[in-house]
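Novice: my questions concern the predicted model and sequence given below.
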Amino acid sequence: METIQNEIMKNEKLHDKFEFRDILPEEGEQTAEIERICFPPNEACSRKMMLERVAKAPEMFLVAVDRNTGKIAGFLNGLATSETRFRDEFFIDADLYEPDGKHIMLLGLDVLPEYRGQGLATELMRRYLQREQEKERCQVTLTCLEGKIKMYEKMGFRNKGISDSVWGGEQWYDMSCRLDD
């Protein structure tokens with residue numbers, strides 16, 4: 001019971017500090033810069049691609065905006081598709097977006113360094129999964145490096161093993177979360 005109350009209090013504090021909402025068209029540059037900060041060059045989404053994602057699928061972004069500064073502190077973005085397996089082309093081709101797709105391929109979870117350790121990534125994911133479940137999506141899939149597996153398992157994802165992805169020359173793991181269970 002105490003754990004549930006602690007979670008509720010943490011969520012309320014995050015809600016007080018951050019506004020959670022869809023991205024605005026003019027925030028594309030900001031997300032591209034956050035991506036550059038959060039990921040090494042071989043893994044980061046290019047500025048051009050980030051702007052393209054924002055333009056084609058803004059409803060697939062969830063941003064956390066610092067209420068004091070008005071700046072994005074972190075965000076999640078993905079693409080809906082009818083495909084069930086993650087492939088590297090999702091990172092570079094926003095035209096693969098299918099608005100009515102029942103599967104989500106998460107392309108990035110970014111939290112600026114100064115906002116880490118507050119539970120913001122977990123809250124972004126919780127809200128994103130809830131939102132997509134309400135849209136009657138079936139599954140959310142992502143790839144992550146080995147060091148992030150436990151973090152995503154705590155968020156409700158299951159490790160599906162080594163991914164076919166070779167993005168950035170790294171070894172990735174497929175993680176999935178069923179929304180229709």
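Specialist: Received it, and whenever you're ready, just let me know what you need. Given the structure is predicted, the values throughout are model-derived calculations rather than measurements.

Novice: let me see the contact set for the most centrally placed residue in the chain.
Specialist: Nearest to the mean C-alpha position of the chain, counting by C-alpha atoms, centre = their mean, stands residue 76 at 2.8 Å. Listed by C-beta atoms under 8 Å, 6 or more residues apart in numbering, the contact partners of residue 76 are 61-62, 106, 108-110, 124-125, 128. Using the backbone N, CA and C atoms, a C-beta is placed for each residue, glycine as well.

Novice: figure out the helix or strand that it lives in.
Specialist: Using DSSP states H and E, the element containing residue 76 is strand 72-81.

Novice: tell me where this protein has strands.
Specialist: For the chain, strands defined by DSSP state E occupy the ranges 18-21, 61-66, 72-81, 103-111, 139-144, 158-162, 173-178.

Novice: can you check which of the ones you listed gets nearest to residue 93?
Specialist: strand 72-81 (9.0 Å; C-beta to C-beta).

Novice: about what we covered before: between the strands of the chain, which one is closest to residue 31.
Specialist: That would be strand 72-81 among the strands of the chain, by C-beta to C-beta, at 5.8 Å.

Novice: burial measure for the nearest residue to residue 75 once chain neighbours are set aside, as a count.
Specialist: Nearest non-adjacent residue to residue 75, counting by C-beta to C-beta, 6 or more residues apart in numbering: residue 63, 4.3 Å away. Neighbours of residue 63 under the rule other C-beta atoms under 10 Å: 25.

Novice: on that earlier part again, can you put the contacts of residue 76 in TSV and add neighbour count, pLDDT and distance to residue 86?
Specialist: Below are the contacts of residue 76 laid out as TSV (neighbours: other C-beta atoms under 10 Å; pLDDT from 0 to 100; distance: C-beta to C-beta, whole Å):
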residue	neighbour count	pLDDT	distance to residue 86
61	24	98	18
62	23	98	19
106	26	98	9
108	21	96	13
109	24	98	14
110	23	98	18
124	24	97	19
125	23	97	17
128	23	98	16
